[in-house]
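Asks: sequence first, then the predicted structure:
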Amino acid sequence: MRPLATLTIALVAGVLAAAPSAAGAAPTVPGHTTVSLAPVQVEITSEVRPDRRRSSKEVLAIARRVPLVREVRAEHPRAYPAVFLKGPARWQVSWYAPYGGEVAQVIVEDWNGRVVEAWSGAQVAWTMARGYSGAFGEHVTRLYIWLPLCLIFLLPFARIRRFWSLSNVDLLALLSLSVSLAFFDHARIGASVPLTYPPLVYLLIRMLLRLRRAAPALDVRIRFGPRVLAAGVLFLLAFRVALNVTDGNVIDVGYAGVIGAARIVDGRAIYSSFPADNEHGDTYGPVDYEAYVPFEQIFGWSGRWDDLPAAHGAAVFFDLLCCALLFLIGRRLRGPTLGLALAWGWCSFPFTIYALESDSNDALVGALVLAAILAASYGTRPAAGAARGLAAGLAGLAKFAPLALLPVFATHGLRERSTGRTRALVAFGAGVLVAAALAAIPLIGHTSLSLLWQRTVAYQATRNAPFSIWGYWNLHWEQKLVAVGALALALTLAVVPRREDLVGLCAAVAAILIGVELALEYWFYLYLPWFFGPALIAILAAGNRGATPVTVTASESARSQSPAAVLST
């Protein structure tokens with residue numbers, strides 16, 4: 001069997017393995033409206049309400065016969081039921097343990113008495129774990145879109161005759177997270193959660209191996225020339241934007257950005273009294289809300305969770321910015337061919353489209369991290385150091401995880417300098433201070449540091465979630481050990497001798513971000529764009545090391561210069 005056919009079968013088999021839906025999965029409904037119908041508790045009685053065909057007592061009897069409910073009641077014999085009206089045509093029956101909260105939930109159709117949903121465990125509290133169709137990514141997760149994107153992503157880079165080359169395995173590791181997502185989309189988080197970690201751990205190890213000074217160069221060949229790559233990038237960009245405009249669904253993250261931006265414009269405090277339908281939307285850094293201000297001013301906001309064109313505009317801009325920055329970084333590394341290849345990778349990687357379709361703010365983090373890397377490509381001159389500090393600081397003050405990158409960005413290139421190290425560090429620190437000053441503007445007169453801490457870092461640190469092995473299996477001490485390890489990794493990579501070129505920096509940045517994500521209790525697929533750009537650079541440009549000849553098929557303009565000359569431009 002041909003290797004490419006093997007690849008196709010493996011991807012299809014892995015995704016289709018998750019296809020059987022969980023019992024009682026919900027019908028197709030638009031994103032945030034899946035959970036917007038607040039239940040209204042009613043008395044358990046034999047009387048039939050005028051607007052219903054069944055009594056609450058009859059509905060309770062139907063729910064009690066559900067096998068899942070029988071299991072939960074056997075485990076919690078003291079659990080007691082409550083019946084609710086769920087919208088105009090449904091009932092909700094819940095069981096509550098005396099000290100454990102809601103432990104089971106059943107949704108029943110009124111007109112025919114059919115059980116359409118039955119949940120227990122974490123899926124009772126976390127509706128996003130129920131596999132509601134279209135809740136995240138809308139139609140991009142359909143196989144007829146997702147699988148072709150996987151193949152398009154591999155097309156310029158995959159080694160057909162050397163299928164198990166390391167570069168192929170690296171790319172497949174990125175795509176293999178699709179299997180976990182497929183299980184998640186079918187409400188099987190018992191499978192989706194553990195399947196997330198092997199690819200992330202593998203990628204962490206591979207990024208660390210790329211940091212070795214004597215690491216062998218990867219034989220990565222870009223199959224297409226610049227014209228084909230450029231045409232493909234333009235087509236993919238048009239496809240992404242069109243899909244977002246016609247099919248995108250703004251989740252609570254994008255909604256929170258618009259709310260915060262409107263509050264900044266109105267001169268109101270960001271970190272207090274968010275609307276009830278996004279109560280904890282003020283959990284991000286101030287830079288996140290500031291980034292949405294131009295789009296809120298251009299597109300406006302109705303004050304409700306509607307189509308939110310401002311969130312669409314922001315998500316599209318962040319996505320295009322990532323693509324442009326990858327092109328510029330690749331161009332500086334090895335010329336336009338590598339730049340276009342990196343842009344192709346971003347535009348075709350399914351998880352970046354997944355984030356775009358969800359209109360989240362995660363591409364903003366990716367863009368700011370890539371901006372810091374681009375600044376680092378200009379060397380350790382004070383202006384470049386200040387720009388690097390500014391971008392890294394803004395990334396950390398948008399979503400706090402990238403704060404772990406400050407040490408490695410601060411010390412980048414210093415070991416290669418015999419003089420001027422102090423000046424370079426001062427310039428970097430000045431850039432970080434400017435970022436902090438910009439972030440503080442909407443806080444002045446409204447928000448104390450203690451309130452900012454409580455609403456953001458403290459809330460996130462204490463939030464329990466079933467989307468990681470730490471939350472799903474309550475491995476709290478183990479999580480703390482991994483978090484300490486991630487912090488130690490970030491500090492170690494900033495000081496130990498390692499590969500010092502731009503590719504080494506990208507590998508270090510990707511490794512740190514992966515380490516941070518491995519330690520998160522609330523982890524989600526939308527976070528993959530944080531490290532995807534640096535990781536892709538480390539994979540595709542791993543053969544570029546100073547004056548070492550490269551093995552990537554380059555454009556004519558890149559061939560006319562030595563790699564060292566390209567790096568110095």
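Replies: Looks like it came in fine.
Asks: quick one: the strands in the chain, in order.
Replies: 40-42, 80-86, 90-97, 101-109, 115-120 (DSSP state E).
Asks: other SSEs contacting the first one?
Replies: When contacts are defined as 3 or more C-beta pairs under 8 Å, 6 or more residues apart in numbering; DSSP states H and E, strand 40-42 sits against strand 80-86. All C-beta atoms are positioned from the backbone trio N, CA, C, and that covers glycine.
Asks: repeat that with 10 Å
Replies: helix 56-64, strand 80-86, strand 90-97 (3 or more C-beta pairs under 10 Å, 6 or more residues apart in numbering; DSSP states H and E).
Asks: picking up where we left off before, to residue 541, which of the strands of the chain lies closest?
Replies: Of all those, strand 115-120 sits nearest to residue 541, with 46.0 Å by C-beta to C-beta.
Asks: how about stretch 49-68: buried residues?
Replies: By neighbour count on 16 or more other C-beta atoms under 10 Å, the buried set for stretch 49-68 is 52, 54, 55, 56, 58, 59, 60, 62, 63, 66, 68.
Asks: can you give the distance of that stretch from its chain's centre?
Replies: 40 Å (C-alpha atoms, centre = their mean, to the nearest Å).
Asks: ends of that stretch, how far apart?
Replies: 28 Å (C-alpha to C-alpha, to the nearest Å).
Asks: got it, and stretch 244-252?
Replies: 16 Å.
Asks: that one: which residues count as buried?
Replies: 244, 248, 249, 250, 251, 252.
Asks: could I get the average pLDDT for that stretch?
Replies: On average, the pLDDT along stretch 244-252 is 91.
Asks: I'd like to know how far residue 406 sits from residue 377.
Replies: 18 Å (C-beta to C-beta, to the nearest Å).
Asks: distance between stretch 234-245 and the chain's centre?
Replies: 19 Å.
Asks: sort out which residues of that stretch are buried, please.
Replies: Applying 16+ other C-beta under 10 Å to stretch 234-245 flags 236, 237, 239, 240, 241, 243, 244 as buried.
Asks: who touches that stretch?
Replies: 137-140, 145, 149, 152-153, 248, 309, 312-313, 315-316, 319-320, 323, 343-344, 346-349, 352-353, 356-359 (C-beta atoms under 10 Å, 6 or more residues apart in numbering).
Asks: at 7 Å instead, please
Replies: 140, 312, 315, 316, 319, 323, 347, 348, 353, 356, 357 (C-beta atoms under 7 Å, 6 or more residues apart in numbering).
Asks: who wins for neighbours among these?
Replies: residue 315 (29 neighbours; other C-beta atoms under 10 Å).
Asks: now do the contacts for that one.
Replies: Here residue 315 is in contact with 244, 254, 356, 359, 360, 363 (C-beta under 7 Å, 6+ apart).
Asks: run a quick neighbour tally on the residue lying closest to the fifth one once chain neighbours are set aside.
Replies: For residue 360, ignoring the flanking residues on the chain, the nearest one in space by C-beta to C-beta, 6 or more residues apart in numbering is residue 253 at 4.4 Å. Neighbourhood size, residue 253 [other C-beta under 10 Å]: 23.
Asks: so residue 253 sits against residue 364, correct?
Replies: No - with contacts defined as C-beta atoms under 7 Å, residue 253 does not count as touching residue 364, sitting 10.3 Å away.
Asks: contacts only, for residue 327.
Replies: By C-beta under 7 Å, 6+ apart, the neighbours of residue 327 are 339, 340, 342, 343.
Asks: greatest separation within those residues: which pair is it?
Replies: 340 and 342 (7.4 Å).
Asks: these two: which is more packed in?
Replies: residue 342 (31 against 27).
Asks: now do the same for the more buried one: its pLDDT.
Replies: 96.
Asks: which residues touch it?
Replies: So residue 342 contacts 326, 327, 329, 330, 536, 537, 540 (C-beta under 7 Å, 6+ apart).
Asks: got it, and residue 258?
Replies: So residue 258 contacts 292, 296, 301, 308, 310, 311 (C-beta under 7 Å, 6+ apart).
Asks: how near is residue 150 to residue 323?
Replies: 18 Å.
Asks: how about residue 447?
Replies: 34 Å.
Asks: what's the answer for residue 399, then?
Replies: 20 Å.
Asks: show me the helices in the stretch 401-550 of the chain, by range?
Replies: Taking DSSP state H, counting those that start in this stretch, the helices of the stretch 401-550 of the chain run over residues 406-411, 421-440, 449-453, 459-462, 469-472, 476-495, 502-519, 528-540.
Asks: er, the stretch 51-200 of the chain actually
Replies: Under DSSP H, counting those that start in this stretch, the stretch 51-200 of the chain gives helices at 56-64, 67-75, 122-125, 143-154, 166-185, 189-209.
Asks: out of the helices of the stretch 401-550 of the chain, which is closest to residue 383?
Replies: Across these, closest to residue 383 is helix 421-440 (C-beta to C-beta), at 7.4 Å.
Asks: who does that closest one touch, helix- and strand-wise?
Replies: Using 3 or more C-beta pairs under 7 Å, 6 or more residues apart in numbering; DSSP states H and E as the contact test, the elements touching helix 421-440 are helix 382-396, helix 406-411.
Asks: most packed of those?
Replies: helix 382-396 (a mean of 25; mean count of other C-beta atoms under 10 Å).
Asks: point to the helix or strand of the chain where mean pLDDT is at its lowest.
Replies: Within the chain, no helix or strand scores below helix 563-568, which has a mean of 33 by mean pLDDT, DSSP states H and E.
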